[in-house]
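1. How does the following fold in three dimensions:
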Amino acid sequence: MRAPFEPMRISPAPLALLTPEEMGRADAMAPGLGVPGSELMHHAGWAVAHAILKRTRPCRVLVLAGPGNNGGDGYVAARLLAERGWPVRVAALAPPRPGSDAALAAAGWRGPMAAFDPAEARRADIVVDAVFGAGLSRDVGGLVAETLAAARRIVAVDVPSGLDGALGIARGQVAPAWLTVTFFRLKPGHLLLPGRDLCGETVLADIGMPQAVLEAIQPRIFANGPGLWQLPRLTAASHKYTRGHLTVIGGAEMVGAARLAAEAARRGGAGLVTIAARGSFDAYRVGAPGTMISDAPLPALLTDVRRRVWVCGPGLGPDAARACLLLLLAAGRLVVGDADLFTAFAAQPEALRGTAVLTPHAGEFARAFGPPGPDRIAACRAAAASTGAVVLLKGADTIIAAPDGRVAINGSAPPWLATAGAGDVLAGLVGALLAQGMPAWDAACAAAYLHGRAAVLAGEGLVVEDLLPALRDAIGETIRNSRTVQEIHAKTARQSL
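-> Okay, the predicted model is just below:
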């Protein structure tokens, strides 16, 4: 577990994630591209050994080796640590298949062997979990689970044994790792919960996999971050109308929700923000400088074609949300749907077709689309395909799915972002980025990242009022970092000429 909260740091280059099936395809393609499997295995074993060498002094190490490639990586790591004088023993669950790369790696181990049992694990200071990789499709239990549970500190190869690399769920009993070393590209299970926590500190190692395999595989799942999208840029010709006009529909009673969404939209860069007040004009007007308040009927507001983007749902009430959405969709507006909209159209996802972005939390998602089940990525993809909207499933590991099948997993949010009103801020931020011309998937991804990053910058003890001013710092930080990356790329390109 990482404490205090520190988001997994991922450079712009490896934002693409590979499922276990895709990683298997990459491994199979590598020899045809000039990189044999034995070379990849050697580099993977070295990455595991190097990660251990960097983090601790020599100590007693037990490598638990499975019969597959994961076990082969473990044999290589054992040999490299032993060559540096570390006391290392290997416990084999089963021998590798004869003639395999793992068998070649096992043959290179000349050190002591140990029994594969809990007593041996208890005697070691570090247990290297090289038993099962990310593609395991059955539950872990029995001797393997008991032995790993006895370990004091685990270094996992690829994933902790039993962690589903595609879904991030535990299959059977999974012992949490102190450190996980994985290769070439992260897998969804490294970012999805509970996988993210079970992995502990996660190191992504370059093992020499040919980059050409990515062109063949064409990954469709990504880690969310600034390399995946670019925030709108202002020019000398920019003015408030070019930055877009966002309208938030305000409910008659829960006025705070719409006000939070509107303030987030202003801080997110929208040039003009209006709250369309429904029966509470005075309540919305108080303390809202910079936000326009209108009590004009919705049809009248829709005659202004500049009002392209709307937020519908926060604090609105189900009946009003239903009526308003039908008007907005009939007028062809871009709609960010949130909160009461999912109650209004419970079990009627087809009625949400035509919205631009939907931002449910888990309960709201289940209300509209049914329980997501263990494969939340597939559930979000299905919801996006059925509605034609980008679906942002809020949570500590927010999933953003586009109708074309692209998916991003966001890991920037700290635990203290779970506070009342945070979802309203997110809806307003998505709307602001849409109003500035960002495509729907990019806007949803960027908003999710900035939302989490602002919470990190605001610090623990956050209430939603702290989140709003922190958005400025999160946006500024992201733009500065993006410029730095672009300058580095430009300098590299010049030097290569």
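2. Out of the helices and strands in the chain, which is least certain?
-> Within the chain, no helix or strand scores below helix 464-496, which has a mean of 75 by mean pLDDT, DSSP states H and E.
3. Need phi/psi at residue 200.
-> Its backbone dihedrals place residue 200 at phi 60, psi -140, with angles given as degrees, to the nearest 10.
4. My guess is it contacts residue 175. True?
-> No - applying C-beta atoms under 8 Å as the test, residue 200 and residue 175 come out as separate, 10.7 Å apart. Bear in mind the C-beta positions are built from the backbone N, C-alpha and C, glycine included.
5. Compare those two and say which one has the larger neighbour count.
-> Taking other C-beta atoms under 10 Å, residue 200 and residue 175 do not tie; residue 175 has more neighbours (24 against 18).
6. Find the nearest non-adjacent residue to the more buried one, please.
-> Using C-beta to C-beta, 6 or more residues apart in numbering and skipping the chain neighbours, the partner closest in space to residue 175 is residue 148 (3.8 Å).
7. Check the one you found and give its pLDDT.
-> Confidence per residue is given as pLDDT, and for residue 148 that number is 98.
8. now do residue 8
-> Note on residue 8: pLDDT of 41.
9. Check residue 313 too.
-> Turning to residue 313, the model gives it a pLDDT of 96.
10. and if you look at residue 237?
-> 82.
11. Check the gap between it and residue 424 for me.
-> Separation of residue 237 from residue 424 (C-beta to C-beta, to the nearest Å): 32 Å.
12. neighbour count winner among these two?
-> A side-by-side neighbour count of residue 237 and residue 424, using other C-beta under 10 Å, places residue 424 first with 28 against 6.
13. that's a helix at that one, yeah?
-> Yes - using DSSP: H, G, I helix; E, B strand; the rest coil, the secondary structure at residue 424 is a helix.
14. So it sits against residue 316, correct?
-> No - look at residue 424 against residue 316 with C-beta under 8 Å: they stay out of range, at 11.0 Å.
15. Pull the contacting residues for residue 454.
-> 467, 470-471, 473-474 (C-beta atoms under 8 Å, 6 or more residues apart in numbering).
16. From those residues, pick the one nearest residue 252.
-> residue 467 (25.1 Å; C-beta to C-beta).
17. sorry, back to before: can you list the contacts of residue 454 in JSON lines and add neighbour count?
-> Putting the contacts of residue 454 into JSON lines (neighbours: other C-beta atoms under 10 Å) gives the following:
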{"residue": "467", "neighbour count": "27"}
{"residue": "470", "neighbour count": "20"}
{"residue": "471", "neighbour count": "27"}
{"residue": "473", "neighbour count": "15"}
{"residue": "474", "neighbour count": "24"}
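18. Show me the two of these that sit farthest apart.
-> 467 and 473 (10.9 Å).
19. So, low pLDDT: which residues of the stretch 1-150 of the chain?
-> Confidence mapping of the stretch 1-150 of the chain against pLDDT under 70 gives the ranges 1-13.
20. would you list every one of the helices in it?
-> Taking DSSP state H, counting those that start in this stretch as the criterion, the stretch 1-150 of the chain contains helices spanning 20-29, 37-55, 69-83, 101-107, 118-123, 142-149.
21. Now distance to residue 407 and mean neighbour count too, for those, in JSON lines please.
-> Listed next are these as JSON lines, based on distance: least, C-beta to C-beta, whole Å; neighbours: other C-beta atoms under 10 Å:
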{"stretch": "helix 20-29", "distance to residue 407": "13", "mean neighbour count": "18"}
{"stretch": "helix 37-55", "distance to residue 407": "26", "mean neighbour count": "20"}
{"stretch": "helix 69-83", "distance to residue 407": "26", "mean neighbour count": "26"}
{"stretch": "helix 101-107", "distance to residue 407": "31", "mean neighbour count": "20"}
{"stretch": "helix 118-123", "distance to residue 407": "37", "mean neighbour count": "16"}
{"stretch": "helix 142-149", "distance to residue 407": "30", "mean neighbour count": "18"}
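22. Quick one: closest of those helices to residue 164.
-> With respect to residue 164, and counting by C-beta to C-beta, the nearest of the helices of the stretch 1-150 of the chain is helix 20-29 at 8.2 Å.
23. by contact count, what packs against the closest one?
-> In terms of contact count using 3 or more C-beta pairs under 8 Å, 6 or more residues apart in numbering; DSSP states H and E, helix 20-29 is assigned the packing partners helix 212-217.
24. Past the helix it packs on, which element shows up next along the chain?
-> Moving toward the C-terminus from helix 212-217, the first helix or strand encountered (DSSP states H and E) is strand 221-223.
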